[in-house]
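> From the sequence below, what's the structure:
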Amino acid sequence: MYPTVSDVLALPVIRGGRPSVAAGSDGLDQRVRWVHVAEVADIAHLLRGGELVLTTGIALPDDAAGLTRYIDELADAGVVGVVVELLRHWQGELPPAMVGAAETLGLPLITLARETRFVSVTEAVVGLIVDAQVAELRAAEQVHETFTALTVSGAEPAEVLREVARMANLPVVLETLSHEVLAYDSAGADTTELLANWAERSSAVTLGERTSFDPDSGWLVTIVGARGNDWGRLVLVGQDQPPHRHVVVAERAASALAVHRLVARDREGLERHAHRTLLTELLASPVTSADLTARTRALGVPLENRKLIGVAVRPSAAANPAPAMATQEVLRDLAEATALAARRARVSALVGVVDDTTVRALLSLTPQANPDAVLLRLAKEIHHAAPASPRAMPVVLAVGTTVDRVADARRSLVEAAHVAQAAARSPDGRPYHRLDDVRLRGLLHLLVEDGRVAAFADRELGPLIARDEAHGSRLLDTLRHYCAHGGNKSAAAAAAHVSRTAYYQQLSRIEQVLGVSLDDPESVLSLHVALLAHEIGGD
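Next up, the predicted model:
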């Protein structure tokens, strides 16, 4: 960081000359890049800007027009201040024309009442400049080492942004090129205020170069991307002209984020990560904070004054009878396919993987939207997009109740997951399922966490399960086929691939073990409900 004009005036060698600011006091915080001793008036064309000019004025003109032109030319050249020794040309004070021109242009004009060795001033100021440059180099080296370590360790974007906020002591936001917030660190600032109308504010800030500072917004912005594939912008918010160190921090952080994305291509993307974080928070608590709604709005998914619908998408158990736990690769593909479908269907939605079996989405519709029409359009796109994923398989789409309050979004998401779980075992070709489509199975899914349901299933089926475990029999499967075919013994025997005689004997054994009659409709109904509850409890 270069010293300011005020810093130079505080040097002992300057103070010994009894300095006095004759004009342009508002410009004393300008940075001094160099010191130049010049006695002639025609000097501006040799300067590069940022200089503090030292002169005795011995060769300067005395006429007002000449002095005004002299000051104008220095200001146009970017000079940050003029120091005049009042001994050889002028005594006591400077000509009014010179002072007036400097004041008009805001150019600091300083007088020295005593003889001052300009060479000593030059040495002292250059010493300050060199010290500042060395400090900047050391700071840049520290920044380089910090972000290199983060890159090598595979740090997540949140860690990178946390370090940026710490180093710059400013809020930092990572956004897409379409101005949707992927991640941020508020550095202690109010999050709601930071993200308010983010897309609108951000779209107004354009870049002239890859890294640019916008003085109107106070934003330092750098592009994030690699190999010619730019995908985001990193924004340091709320500052005056940024020091060089902040530019280094922003650019090194952008590099670390770009490398992370290249390395993590086979892992969850940044957008999915941001969506998953918000969905997890929505599901974790029925109370929704203003901070969360501000973040979803900044991500392009407003939740307030909207129709909200929870959606769950999961692989069909009929097509994938293996473990209930879907692989993370399958779910990541399905999440990307769902997000793509939402974009194609022109639906604002949070989409992410929040457990081991299901992709969740929260649709945000305008108050005027027709939910059924939107859901049909979305379902069509999801069923079309899912088979295009690398590890494709048929999927089941389930939706929760449409709600109009953010506080009820959790209920809709939970309901959708229960419906999907129930529908996954017996898909019927519907584009999507609601709670009333899965009937008794759906009700039991909603009650799965109620211990009384599990206790009921254990009372009804416990002896049969124990018998199977002790003797290696399959009486529970026999009962399942019987209930599934509505008590039709012939059809059940055929489905079980057992002769009718053997099947009838197995049914008699079930009646003996459980102490019930399978000719009693209420007993069969009770056993069927218990079987469904037992099956759901084992999901």
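> quick one: the closest residue to residue 215 other than its chain neighbours and residue 29, what's the gap?
With C-beta to C-beta, 6 or more residues apart in numbering as the criterion, residue 215 has its nearest non-adjacent residue at 7.2 Å, and that residue is residue 241. C-beta: built from backbone N, CA, C; applies to glycine. Between residue 241 and residue 29 the distance, using C-beta to C-beta, to the nearest Å, works out to 10 Å.
> same deal with residue 101?
21 Å.
> And residue 399, by the same measure?
60 Å.
> More neighbours: these two, which one.
residue 399 (27 against 12; other C-beta atoms under 10 Å).
> wait, what's in contact with that one?
Listed by C-beta atoms under 8 Å, 6 or more residues apart in numbering, the contact set of residue 399 reads 309, 310, 311, 312, 375, 416, 419, 432, 433, 434.
> what's the neighbour count on residue 71?
Residue 71: 25 neighbours (other C-beta under 10 Å).
> what sits against it?
Counted by C-beta under 8 Å, 6+ apart, residue 71 has contacts 82, 98, 101, 102, 105, 107, 109.
> Which PyMOL command selects the buried ones in the residues you listed?
A single PyMOL command suffices to select whichever of the contacts of residue 71 are buried according to 16 or more other C-beta atoms under 10 Å:
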select buried, resi 82+98+101+102+105+107+109
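> Quick check: strands, which of the contacts of residue 71 are part of them?
82, 109 (DSSP state E).
> Now do the end-to-end distance for stretch 257-270.
From its first residue to its last, stretch 257-270 covers 10 Å (C-alpha to C-alpha, to the nearest Å).
> Also stretch 282-300?
16 Å.
> same question, stretch 339-350
8 Å.
> Distance from the chain centre to the strand or helix carrying residue 466, please.
In this structure, residue 466 sits in helix 451-471 according to DSSP states H and E. Distance, stretch centre to chain centre, for helix 451-471: 48 Å (C-alpha atoms, centre = their mean, to the nearest Å).
> Quick check, residue 147 in contact with residue 253.
Yes - using C-beta atoms under 8 Å, residue 147 is in contact with residue 253, at 6.2 Å.
> who has more neighbours, the two?
Between residue 147 and residue 253, residue 253 has the larger neighbour count (other C-beta under 10 Å), namely 29 against 25.
> Is that one located within a helix, as I assumed?
Yes - counting by DSSP: H, G, I helix; E, B strand; the rest coil, residue 253 is part of a helix.
> Among the contacts of residue 399, which are located in strands?
In this view, those that belong to strands under DSSP E are 309, 310, 311, 312.
> Of these - the most surrounded one?
residue 311 (31 neighbours).
> dump the residue contacts of the closest residue to that one other than its chain neighbours.
Leaving aside its sequence neighbours, residue 311 sits nearest to residue 361 (C-beta to C-beta, 6+ apart; 4.1 Å). Contacts for residue 361 (C-beta under 8 Å, 6+ apart) come out as 310, 311, 312, 313, 338, 342, 349, 350, 351, 352.
> if you set the cut-off to 7 Å instead, what comes out?
With contact taken as C-beta atoms under 7 Å, 6 or more residues apart in numbering, residue 361 is in contact with 311, 338, 342, 349, 350, 351.
> Can you flag which of those belong to helices?
Judged by DSSP state H, the subset of the contacts of residue 361 located in helices is 338, 342.
> could the contacts of residue 361 go into a markdown table alongside distance to residue 119?
Below are those laid out as a markdown table (distance: C-beta to C-beta, whole Å):
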| residue | distance to residue 119 |
| --- | --- |
| 311 | 76 |
| 338 | 73 |
| 342 | 71 |
| 349 | 70 |
| 350 | 67 |
| 351 | 69 |
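> among the contacts of residue 361, who's most crowded?
residue 311 (31 neighbours).
> Distance of that one relative to residue 237?
33 Å.
> same check, this time on residue 358
36 Å.
> between those two, which one's more packed in?
residue 358 (24 against 20).
> how is this protein carved up into domains?
Domain segmentation of the chain under automatic domain parsing yields 5-125, 154-263, 301-438, 451-537.
> looking at the ones you listed, which is closest to residue 292?
domain 301-438 (8.3 Å; C-beta to C-beta).
> list the contacts for residue 527?
460, 479, 483.
> out of those residues, who has the most neighbours?
residue 479 (24 neighbours).
> what sits against residue 295?
With C-beta under 7 Å, 6+ apart, residue 295 has these contacts: 181, 195, 278.
> What's the local residue count around residue 487?
14.
> oh, I was asking about residue 408
The burial count for residue 408: 17, using other C-beta under 10 Å.
> Find the nearest non-adjacent residue to residue 64, please.
Going by C-beta to C-beta, 6+ apart, residue 64 has residue 97 as its nearest residue, at 3.5 Å.
> Give me the pLDDT value at the one you found.
Residue 97 is assigned a pLDDT of 92 by the prediction.
> Test my guess that it contacts residue 70.
No - using C-beta atoms under 7 Å as the test, residue 97 is too far from residue 70 to be in contact (9.7 Å).
> the more surrounded of those two?
Between residue 97 and residue 70, residue 70 has the larger neighbour count (other C-beta under 10 Å), namely 24 against 19.
> so the more buried one, which of the three states?
For residue 70, the secondary structure call by three-state DSSP comes out as helix.
> Could you list which residues are in contact with it?
Counted by C-beta under 7 Å, 6+ apart, residue 70 has contacts 41, 60.
> Equivalent analysis for residue 371, please.
Residues near residue 371 by C-beta under 7 Å, 6+ apart: 307, 309, 365, 402.
> Strands of the chain, residue ranges please.
19-23, 34-37, 51-55, 81-85, 109-112, 172-176, 181-185, 211-214, 219-226, 229-236, 307-315, 348-353, 359-365, 395-399.
> can you tell me which of the ones you listed comes nearest to residue 151?
strand 219-226 (11.8 Å).
> Return the angle between stretch directions for that closest one and strand 181-185.
Computed by axes from the mean of the first three to the mean of the last three C-alpha atoms, to 10 degrees, the angle separating strand 219-226 from strand 181-185 equals 120 degrees.
> List the buried residues of strand 219-226.
219, 220, 221, 222, 223, 224, 225.
> now stretch 117-137
118, 121, 122, 124, 125, 128, 129, 132, 136.
> before we move on, what about stretch 210-217?
211, 213, 217.
> Touching, the last one and residue 203? I think so.
Read it as residue 217. No - with contacts counted by C-beta under 7 Å, residue 217 stays clear of residue 203, the gap being 11.3 Å.
> Flag the helix or strand of this protein with the lowest per-element mean pLDDT.
The helix or strand of the chain with the lowest confidence, counting by mean pLDDT, DSSP states H and E, is helix 435-446 at a mean of 64.
> ok, back up a step: how about the contacts made by the residue nearest to residue 64?
Residue 97 sits next to 64, 67, 68 when contact means C-beta under 7 Å, 6+ apart.
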